[in-house]
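Engineer: Following is a predicted model, sequence given first.
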Amino acid sequence: MTIQNELKGRILLKNINKTTDEFKKIVQKEQPSVNKTANFFKAFLVGGTICLLGQVFQELFMTFFEYSQQDAGTMASITMIFLGGLLTGLDVYDEIGQFAGAGSLVPVTGFANSMVAPALEYKQEGFIIGIGANLFSIAGPVLAYGMVSAFLIGLLQTLFGG
Amino acid sequence: MGIFIKAFLIGGLICGICQLILDNTDYTPAHILVSLVIIGSILTGLGWYDVLKEFAGAGVTIPVSNFGYILTKGVQEAAEKDGLLGLFKGVLDIASAGISASVIIAFFMASIFNPKR
């Protein structure tokens, strides 16, 4: 981090008369580029593994608890939500996220993470304003838009007999 | 055995595509999650999500787009039965377990653990 700041400072001195846009371009050029192909495969690998794990749980719930396929799928989701929440609490999920990017964001474990992480971050503000409100800082928009689009699709199909 | 491989491949592919979007645009993770849910909802409306689910199992039921699927599926089934009322009544019919579990589990996790200093 400090090396990066120093680099930024040196670039700043040399280019003190440049406009903001020009300066941004210069900084961008000097920064190490992200390897997008590697990122894709990391996300693919971790995300795929999480989904595979979900499938394993689903089969286990079907075999050993005799749930229907639908209920076993729901139980598998809940198990994954539990694991995502737990690993976030243990501060492990962030580490996975550093490596996996969207691979740990997109599965439902990432949804659990998006509830627990901000709630923990603002825990010191108390149980109502801290935990209660921040559980929904990302889950809120997700649920709101999910419900609205579900309603709209249902409405369209009712009106036009989809 | 095939279902495990398909779950891995399809689930991984969805995550990989989202990573490409994150790397190449200014969208934030919150944008990605909201978009996935809306896409899941639209695909359910078109009847494609059921096909995907049949094919890839957890590969499409573990990604967040599944919330869009279960929310919309609930509305569709209830609307068939109760008409206009069903549009509201059905939203949480199938999704209830997943959403309730998320809120309850997340609350306890946030209560039990403490943030890293």
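Structural biologist: It's in.

Engineer: Give me the distance between the helix ranked longest in chain B and the centre of its chain.
Structural biologist: In terms of residue count, the longest helix belonging to chain B (DSSP state H) is helix B:2-24. Relative to its chain's centre, helix B:2-24 lies at 14 Å (CA atoms, centre = their mean, to the nearest Å).

Engineer: do stretch A:155-162 as well
Structural biologist: That offset, for stretch A:155-162, works out to 33 Å (CA atoms, centre = their mean).

Engineer: same thing with stretch A:46-66?
Structural biologist: 20 Å.

Engineer: try stretch A:36-53
Structural biologist: With CA atoms, centre = their mean, you get 13 Å for stretch A:36-53.

Engineer: any bit of that stretch sitting next to chain B?
Structural biologist: Yes: using CB under 8 Å from any CB of the partner chain, we find that stretch A:36-53 touches chain B at A:36, A:39-52. (Glycine included, C-beta is placed from N, CA and C.)

Engineer: Next, the buried residues of that stretch.
Structural biologist: In terms of neighbour count (16 or more other CB atoms under 10 Å in any protein chain shown), stretch A:36-53 has its buried residues at A:39-40, A:42-53.

Engineer: Chain B: helices as residue ranges?
Structural biologist: So, for chain B - with DSSP H - the helices run B:2-24, B:29-46, B:48-56, B:58-61, B:65-82, B:84-89, B:96-112.

Engineer: Just name the most buried of those.
Structural biologist: helix B:58-61 (a mean of 28; mean count of other CB atoms under 10 Å in any protein chain shown).

Engineer: which residues are in contact with that helix?
Structural biologist: With contacts defined as CB atoms under 8 Å, 6 or more residues apart in numbering or on different chains, helix B:58-61 is touched by A:48, A:51-52, A:54-55, A:58, A:73, A:76-77, B:6-12, B:14, B:49, B:52-53, B:66, B:69.

Engineer: just the residues of stretch A:36-53 next to chain B now: which is nearest A:F151?
Structural biologist: Nearest to A:F151 out of those is A:C51 (CB to CB; 27.9 Å).

Engineer: residues touching the residue positioned nearest the centre of chain A, list them.
Structural biologist: For chain A, the residue nearest the mean C-alpha position is A:L105 (2.7 Å; CA atoms, centre = their mean). By CB under 8 Å, 6+ apart, A:L105 lies in contact with A:97, A:113-114, B:15, B:18, B:29, B:32-33.

Engineer: who's in contact with A:G110?
Structural biologist: Per CB under 8 Å, 6+ apart, neighbours of A:G110: A:84, A:97, A:104, B:33, B:64.

Engineer: Any chance of JSON lines for the helices of chain B, columns mean pLDDT?
Structural biologist: Output for those, formatted as JSON lines (pLDDT from 0 to 100):
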{"stretch": "helix B:2-24", "mean pLDDT": "95"}
{"stretch": "helix B:29-46", "mean pLDDT": "96"}
{"stretch": "helix B:48-56", "mean pLDDT": "95"}
{"stretch": "helix B:58-61", "mean pLDDT": "94"}
{"stretch": "helix B:65-82", "mean pLDDT": "95"}
{"stretch": "helix B:84-89", "mean pLDDT": "93"}
{"stretch": "helix B:96-112", "mean pLDDT": "96"}
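
Engineer: who touches the longest helix of chain B?
Structural biologist: So helix B:2-24 is contacted by A:34, A:36, A:39-52, A:54-56, A:100-103, A:105-107, B:27, B:29, B:32, B:36, B:52, B:55-60, B:62-63, B:65 (CB under 8 Å, 6+ apart).

Engineer: make it 7 Å
Structural biologist: A:34, A:36, A:39-40, A:43-45, A:47-52, A:55, A:101-103, A:105-106, B:27, B:32, B:55-60, B:62-63 (CB atoms under 7 Å, 6 or more residues apart in numbering or on different chains).
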